[in-house]
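Trainee: Sequence unavailable; structure follows:
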């Protein structure tokens, strides 16, 4: 339940005579508005309000800092000149000591923080800010004061935009984890101008960038990190989660912003942040809320056409729904955004050109459409509807790039098709042609690797999941194709994971080959498990750990079916 400031003030009982000033306003000699439980002046200043208790609460101060001095007695006039000389020497000594201290070790008093924030104006360039603050560690491993400073801010405070350390680090995280940094040239890449737009972002989105940054660094902590660092990080995560949820609830409760662009984006980011730290089936609740918001806005196509700046967010929702259905039970599929009847819109949204922003996947569009159709076939099969295999389908499969006679173009492909035709289309996909079309001379080999990985993953998903629900027969030809793409995918993933920028976009393919490894050797299963374990620190997420646990439980169960592996709705996407 969200209470406004007026409601909170009215909650003060008439019988109680409240103190007119909180302790912080008294200390700063300001007029307090006496709003309970925290005053608005402290909130707008980004300070923690100490309240109105009769006894002043204890306040943490930096070790060695003096907060009060005993009043000195008046000295005789005879010793005045000597005292002045002594005071002058002390002042010179203090100036010398201060000059030796670095700027990063400044005291974190509220007034000093505000002064520093004003110096970091929005006119500063990304390069300047990166050079100043890029080396700082948000978790305080390099500079312990940095996290303390972030913990002192109120998310709704205007000065919040001055916390540039986390924004810059978040920008570096994106650039390091996006495959587009490896696949596109420097002038083609999209760069997040967070230093320029920070002060204009809605309050929940500001806090979510902090959450992403803290979560990423938490997972990158070494195993021998000190316990107090981990405790401090957990406290910061809890603090910012509360701040984000509080401000997001206020936006949803306010009629003017409850389904606004900023609110929809914040809910989407909260779903991603939740999966980053504690991956589980809770993401469905966020997804349900997002779909309700889009319906209130007139549908996803209306938002897409009227709000170009929402394209990346909508694509993230679409990709999340598509790939979440691949690792969810066939009887529990989501079709809000990705029903085959919406394929025309999905084709135009995903498009044939490369996205300039990484939104969770770089799957080739034709394979992406085929994955949507496979998901729909799985959903129909659990409702008693199935398609018979085409009698004229080819009886042998290979990884050749030549299209099979039964394949058809993307435009001629019907909305509803049978499993055999889908498999023919996936196997007829040519990674070489796709790489030559999308990649430049220096990046063509990387695009070829991307196309091969996604083709093999889509083929394995098609054959294993549809065989599990009896939509594809277990023939020798399909068994050979399964083994061929399984072996090729293992080799390609071994090569791909040597490039840190490709690990995030290959995460889904690694989970798919892990499900197929139930038919492989113990060495192959250990290879997949080790890749997932080693990926968690780089990705800055707990999702690889969850995927490893799901796959290892499946391998040990003795079962072979696709739905036996993914018996709950998981989303394995980075």
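Mentor: Everything's here; your move. Please read all numbers here as calculations on a predicted model, not as lab measurements. Residues are numbered from 1 along each chain as shown.
Trainee: from here on, contacts and neighbour counts on C-alpha atoms
Mentor: Will do.
Trainee: who touches residue 267 in this structure?
Mentor: 248, 286, 290 (C-alpha atoms under 8 Å, 6 or more residues apart in numbering).
Trainee: so where's the stretch 201-350 of the chain shaky on pLDDT?
Mentor: Regions of the stretch 201-350 of the chain meeting the criterion pLDDT under 70 are absent.
Trainee: change it to 90
Mentor: 201-244, 254-258, 273-283, 307-313, 332-350 (pLDDT under 90).
Trainee: where exactly do the helices run in it?
Mentor: 203-219, 227-253, 261-277, 283-296, 300-306, 311-326, 343-350 (DSSP state H, counting those that start in this stretch).
Trainee: Could you say which one of the ones you listed comes nearest to residue 358?
Mentor: Closest to residue 358 of the helices of the stretch 201-350 of the chain, according to C-alpha to C-alpha: helix 311-326, at 8.4 Å.
Trainee: is it true that residue 561 touches residue 468?
Mentor: Yes. Contact criterion C-alpha atoms under 8 Å: residue 561 and residue 468 qualify, at 5.4 Å.
Trainee: Common neighbours of these two, please.
Mentor: Contacts common to residue 561 and residue 468, judged by C-alpha under 8 Å, 6+ apart, are absent.
Trainee: And the pLDDT for residue 509?
Mentor: If you check residue 509, the pLDDT there is 95.
Trainee: Tally up the residues packed near it, please.
Mentor: Neighbours of residue 509 under the rule other C-alpha atoms under 10 Å: 24.
Trainee: Kindly report the same for the one 10 residues further on.
Mentor: Neighbours of residue 519 under the rule other C-alpha under 10 Å: 14.
Trainee: what's the answer for residue 374, then?
Mentor: 26.
Trainee: and the gap between it and residue 426?
Mentor: For residue 374, the distance to residue 426 equals 11 Å [C-alpha to C-alpha, to the nearest Å].
Trainee: Residue 261 too?
Mentor: Residue 261 is 37 Å from residue 426, by C-alpha to C-alpha.
Trainee: Of those two, which one has the most company?
Mentor: Taking neighbours as other C-alpha under 10 Å, residue 261 and residue 426 compare with residue 426 leading, 23 against 18.
Trainee: Would you confirm that the more buried one contacts residue 461?
Mentor: No. In this structure, residue 426 is not within contact of residue 461 by C-alpha under 8 Å, at 10.6 Å.
Trainee: related to what we said a few turns ago, which one of the contacts of residue 267 has the most neighbours?
Mentor: residue 248 (24 neighbours).
Trainee: Let me see the contact set for the nearest residue to that one once chain neighbours are set aside.
Mentor: Of all residues not flanking residue 248 in the chain, residue 204 sits nearest, at 5.8 Å (C-alpha to C-alpha, 6 or more residues apart in numbering). Residue 204 sits next to 155, 243-245, 247-248, 266 when contact means C-alpha under 8 Å, 6+ apart.
Trainee: Buried residues in stretch 424-444, which are they?
Mentor: 424-432, 434-435, 438-439, 443-444 (16 or more other C-alpha atoms under 10 Å).
Trainee: In helices, which of those residues fall?
Mentor: Among these, the members falling in helices (DSSP state H) are 424-428, 431-432, 434-435, 438, 444.
Trainee: Return the closest of those with respect to residue 50.
Mentor: residue 438 (58.7 Å).
Trainee: Next one, pLDDT for the closest one please.
Mentor: Listed pLDDT for residue 438 reads 78.
Trainee: these two touch, right, it and residue 446?
Mentor: No. Using C-alpha under 8 Å, residue 438 makes no contact with residue 446, being 10.5 Å away.
Trainee: isn't residue 257 right up against residue 263?
Mentor: Yes. Counting by C-alpha under 8 Å, residue 257 does reach residue 263; the two are 6.7 Å apart.
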